[in-house]
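*Asks:* just need the structure, nothing else, for what follows:
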Amino acid sequence: MIKISAPTAISLNVNGEDRTVIAKPSDTLLFTLRNELGLIGAKPGCENGDCGACTILIDNLPIKSCIMLTVEAIGKNIVTIEGLKDAPIQKAFVENFGFQCRYCTSGFLMVCHSLSKMYPNADDIKIQEWLQSNICRCTGYEEIEVAIKSILNKKI
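*Replies:* Predicted coordinates:
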């Protein structure tokens, strides 16, 4: 990680593209994605790492972008919901009504996408463990679980 002490131009790899942004030392990745790059799929919720509405993938792992500094993402591969591009989990959420108000949906999609890639044969315990990282205020958990299981079962 580089150290910066003032607004600095840095390069980030976001959704497969190298992008240059001006970042202050205190800028969170969520702030930079939304305000510097116009990628608004990751949502501000709690802004302290509890709710998961801001979840993105860093090197294929789900990360809460509200608690990661922008400078920590230098040299990493960042994928936002805008970068998923027709992933099977997106269709599964639609087919299984894995959303209600939709505020938490992008975060859950990112978690479920990563889960399906890292653990294609995940059991119920692993699925529940991963889904605990995000909060749905509308209580759509059952449909979200059905959606992730529908794509995992197709791989078995």
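
*Asks:* from here on, contacts and neighbour counts on C-alpha atoms
*Replies:* Fine.

*Asks:* tell me the spacing between the nearest residue to Tyr141 once chain neighbours are set aside and Ser116.
*Replies:* Nearest residue to Tyr141, sequence neighbours excluded (CA to CA, 6 or more residues apart in numbering): Gly98, at 7.7 Å. Taking CA to CA, to the nearest Å as the measure, Gly98 falls 16 Å from Ser116.

*Asks:* ok, the two, which is more surrounded?
*Replies:* Between Gly98 and Ser116, Gly98 has the larger neighbour count (other CA atoms under 10 Å), namely 24 against 20.

*Asks:* where does that one sit: helix, strand or coil?
*Replies:* Following DSSP: H, G, I helix; E, B strand; the rest coil, Gly98 is assigned to coil.

*Asks:* check Ser150 too.
*Replies:* Assigned by three-state DSSP, the conformation of Ser150 is helix.

*Asks:* so what's it up against?
*Replies:* Ala92 (CA atoms under 8 Å, 6 or more residues apart in numbering).

*Asks:* tell me the domain ranges of this protein?
*Replies:* As given by automatic domain parsing, the domain ranges for the chain are 8-80, 88-155.

*Asks:* where does this structure dip in pLDDT?
*Replies:* Low-confidence regions of the chain, defined by pLDDT under 70, span residues 1, 154-156.

*Asks:* can you map out the strands along it?
*Replies:* 8-14, 17-23, 55-58, 61-64, 77-79 (DSSP state E).

*Asks:* please identify the deepest-packed of those strands.
*Replies:* strand 55-58 (a mean of 26; mean count of other CA atoms under 10 Å).

*Asks:* leaving out sequence neighbours, find the closest residue to the residue nearest the centre of the chain.
*Replies:* Geometric centre of the chain, nearest residue: Ile56, 2.3 Å, by CA atoms, centre = their mean. Excluding its sequence neighbours, the residue lying closest to Ile56 (CA to CA, 6+ apart) is Thr80, at 5.1 Å.

*Asks:* for the one you found, list the residues it contacts.
*Replies:* Counting by CA under 8 Å, 6+ apart, Thr80 makes contact with Val14, Asn15, Leu39, Gly41, Ala42, Ile56, Leu57, Met110.
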